[in-house]
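Visitor: Please find the sequence and the predicted model below.
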Amino acid sequence: MAQPGDPAYLSMVQANLWNQLLPERWPELVVRVKDEHDVIAVLRYAREQGRKVVVRGGGHHWCQPTLRRGGILIDLACFNQVLSIDAAARTAIVQPVVSNRELLAALQPLGLAFPSGHCPQVKVSGYLLGGGMAWNQGVWGAGTESVEAMEIITAAGEKVLASREQHADLFWAARGAGPGFFGVVIAYHLKVYPLPAAILGSTFCFPLAQAGTVGDWISALAPSLSPSVELTLFLLQAPPPLQAAAAPDGGVVLMVSAVAFADTDAEGRRQLEPLDHSELPPLSREVAVSLSFPTLFDLSGSLWPEGHRSRVENRFSSASAGDQIRAAAGFMAAAPSPTTLVFFTVFTGPAAVHDPINTSYSMNGQVYGGPSTMWLDPAYDATNIEWHEACTAALHVHTKGSYIGETDFVRRPTSAVEAYLPHCWSRLADLRAVHDPDRVFFDLFEALGEDVHSFSS
């Protein structure tokens, strides 16, 4: 436990925060809880003292919603264990601060997998609460759809097991409410799956001048592909062998990445084969390369490196990937940071738009993505933020909705509302009134201003 003035206060407030662009928002008290009894004690103390609380799991959310003006920050960093795996029943129980990489590393030796998030460092807490944009999502669904139950400490300080059968409304809310959830999840009961016997990937790089045309082709092709093919387009700095060819376009290329999750190598190759027939010749191609989840995590981790200052805005759209790439291409050619990228995941299969079932996570679209603006030097904060806002604005015309886990609702509060279908947004508000009538938990919008004194001295 720490409060302003304590030697450990700053390190506890900023511990595990992914985004190094830190706001000037400071809690009155930080409590690193060690077990469920600590959680219950903090919530009871908050109620008695009339203080609000916010919960931090992994600290990866880009706009830092666990930093509020005042209140109590409950830090779950000690809840970091895979508690059990039942291989026969294909279930697992994990605490909230287990990372995507750690979860798959525990499951893989048993021939099992889970629809985890893509970045290796992300913890299951915020990932599952927000919905969970998953590996192999076309087959397994979003991560939160494979949550069978949650152990939750309610605002009243009561521990409950929420599932489809009991405390069903709380279970519905928790699977999608993200940072706006009005409870503390201390364990997730997961449905797990057989590990795909073959994971194959193909990668093609195209000149920036052809990017829009390639995006049109990919959007037209996607419905005919297997839903077990994950298809993503990246506007990014060219890999070293292509830098000379990409120099006229600011060093930027379009990279098409396809990953097939299959039962056999032959099946995976068949699923990827249509992508090898673009009418435009790529600058480079790698076809049906054997992959694994550790390799996928390494590749994803290299695209979103640690220790950076960041702005991120990812949204759902029904527009062609080509139209969105055309809107972003000119910006990418002038991006002030070489680590910045824009990506668009194009959902595949005949039913390319997946409708989550019985979860508050409810927004969808044929394409998902946006700019990830990442830089290191604080001297370039203003330049990168200005670029990010301009690129985001250019893509806004194509927006259908947002994703609560990857949108900056601090600066654009409407993006939080746009992360839900209207009836789901209304129901979340109604359930908050039922389960947290005294408003012990901060909601999505409270105390997020940055006009407060810094305790950094």
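Guide: Thanks, I have it.
Visitor: how about Asp216, secondary structure?
Guide: Secondary structure state of Asp216, per DSSP: H, G, I helix; E, B strand; the rest coil, is helix.
Visitor: Quick check, it in contact with Ala319.
Guide: No - in this structure Asp216 lies outside contact range of Ala319 using C-beta atoms under 8 Å: 10.8 Å. All C-beta atoms are positioned from the backbone trio N, CA, C, and that covers glycine.
Visitor: Where does the prediction get shaky in this structure?
Guide: Within the chain, the segments meeting pLDDT under 70 span 352-354, 450-457.
Visitor: Excluding residues flanking it in the chain, which one is nearest the spatially most central residue of it?
Guide: Residue closest to the average C-alpha location in the chain (C-alpha atoms, centre = their mean): Gly405, at 5.0 Å. Leaving aside its sequence neighbours, Gly405 sits nearest to Gly130 (C-beta to C-beta, 6 or more residues apart in numbering; 3.3 Å).
Visitor: The one you found: what's it in contact with?
Guide: By C-beta atoms under 8 Å, 6 or more residues apart in numbering, the contact list for Gly130 reads 144, 176, 178-179, 361, 403-405.
Visitor: Please apply the same query to Trp140.
Guide: Applying C-beta under 8 Å, 6+ apart, the residues contacting Trp140 are 115, 134, 146, 193.
Visitor: again, but for Ile357
Guide: Counted by C-beta under 8 Å, 6+ apart, Ile357 has contacts Glu145.
Visitor: next one: Met363
Guide: Per C-beta under 8 Å, 6+ apart, neighbours of Met363: 316, 400-403, 418-421.
Visitor: count of neighbours near Trp26?
Guide: Using other C-beta atoms under 10 Å, Trp26 has 22 other residues around it.
Visitor: That one contacts Gln64, correct?
Guide: No - checked against C-beta under 8 Å, the pair Trp26 and Gln64 is beyond contact range at 11.6 Å.
Visitor: show me where the stretch 201-350 of the chain has helices.
Guide: Assigned by DSSP state H, counting those that start in this stretch, the stretch 201-350 of the chain shows helices spanning 211-221, 243-246, 265-272, 293-303, 321-333.
Visitor: closest one to Leu235 among the ones you listed?
Guide: With distances scored as C-beta to C-beta, the stretch of the helices of the stretch 201-350 of the chain nearest to Leu235 is helix 321-333 (4.4 Å).
Visitor: relative to helix 211-221, how tilted is that closest one?
Guide: 150 degrees (axes from the mean of the first three to the mean of the last three C-alpha atoms, to 10 degrees).
Visitor: which secondary structure elements does helix 321-333 contact?
Guide: Judged by 3 or more C-beta pairs under 8 Å, 6 or more residues apart in numbering; DSSP states H and E, helix 321-333 is in contact with helix 211-221, strand 229-237, strand 252-262, strand 341-346, strand 367-375, helix 381-396.
Visitor: contacting residues around that helix?
Guide: Looking at what lies outside helix 321-333 - C-beta under 8 Å, 6+ apart - the contacts are 208, 211-219, 233, 235-236, 249-250, 252, 254, 317, 340-342, 344, 346, 367, 369, 371, 387, 390-391, 394-395, 397-398.
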